[in-house]
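Student: Following is a predicted model, sequence given first.
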Amino acid sequence: MDFAVKPVLTGAKVVLRPFTAEDADLMWEIVRDPEVVRFTFEPDTALTRERLHSWYGSRSTARDRLDLAVTDRLTGELVGEVVLYDVDPHARSCVFRTLIGPGGRGRGLGTEATRLIVGHGFEQGGLHRIELEVYGHNHRALRAYEKAGFVVEGVRREAALREGRWVDEVVMGVLEHEWRASAPGGRATPGRPEGAV
């Protein structure tokens with residue numbers, strides 16, 4: 001599972017494309033959104049604009065993970081990211097994560113972006129299993145992941161201290177055969193030029 005090739009994946013609502021350093025300023029605004037901070041970052045995470053420029057500028061050369069920008073297909077607006085990482089080549093598995101900023105919420109963009117990258121992982125990456133972790137009080141994300149085919153596999157009770165209270169961490173996963181059985185409408189359209197609609 002080599003993620004050296006960074007695809008452009010086109011759906012009905014979103015286009016997933018490789019990141020560029022120029023995306024860092026928009027991602028800086030997205031990662032500072034209170035809901036993104038609440039559900040994504042550890043309380044002591046120190047983010048700076050400079051760190052983000054370096055990070056997003058290097059995503060196109062990372063062979064061990066696939067970070068793609070989530071853009072609104074109609075407007076081209078960058079609304080978040082989807083990531084496949086922590087690959088185990090022997091188990092043919094990896095971890096998935098996403099974050100969607102305020103401009104992309106409530107319109108099904110996150111669900112479609114999840115389906116597209118998961119489909120790519122199975123169809124092009126040869127993966128057998130993709131898993132994720134989500135805070136139990138992140139109801140929007142739980143619904144989106146379930147719509148994309150993920151199944152709750154377990155709950156780590158009161159595993160994280162967030163905003164002064166203990167919260168559960170939910171482990172979810174989807175297997176290749178489950179994906180193939182349920183994903184006819186969620187498959188990616190690979191190989192379209194960047195920015196194509």
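Tutor: All right, it came through fine. Numbers count the residues shown, from 1 in each chain.

Student: and the helix ranked longest in the chain, what does it pack onto?
Tutor: Using DSSP state H, we find that the single longest helix of the chain is helix 109-123. Other elements packing on helix 109-123 under the criterion 3 or more C-beta pairs under 8 Å, 6 or more residues apart in numbering; DSSP states H and E are strand 9-10, strand 14-18, strand 66-72, strand 78-88, strand 93-100, strand 129-135, helix 139-147, helix 176-182. (Each C-beta comes from the backbone N, C-alpha and C, glycine too.)

Student: Please name whichever of those is nearest to residue 37.
Tutor: strand 93-100 (9.9 Å; C-beta to C-beta).

Student: Do me a favour and average the pLDDT over the closest one.
Tutor: The pLDDT scores in strand 93-100 average 95.

Student: quick one: buried residues of it?
Tutor: 93, 94, 95, 96, 98, 99, 100 (16 or more other C-beta atoms under 10 Å).

Student: is the fifth one in a bridge, and if so with what?
Tutor: The one in question is residue 98. residue 82 (DSSP bridges).

Student: Can you verify my assumption that it contacts residue 83?
Tutor: Yes. Under the criterion of C-beta atoms under 8 Å, residue 98 makes contact with residue 83 at 6.9 Å.

Student: just to revisit the earlier point, got the helices and strands packed on helix 109-123 as CSV, with distance to residue 58 columns?
Tutor: Converted to CSV, the helices and strands packed on helix 109-123 look like this (distance: least, C-beta to C-beta, whole Å):
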stretch, distance to residue 58
strand 9-10, 21
strand 14-18, 11
strand 66-72, 9
strand 78-88, 13
strand 93-100, 17
strand 129-135, 23
helix 139-147, 26
helix 176-182, 29
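
Student: Great, nothing more from me.
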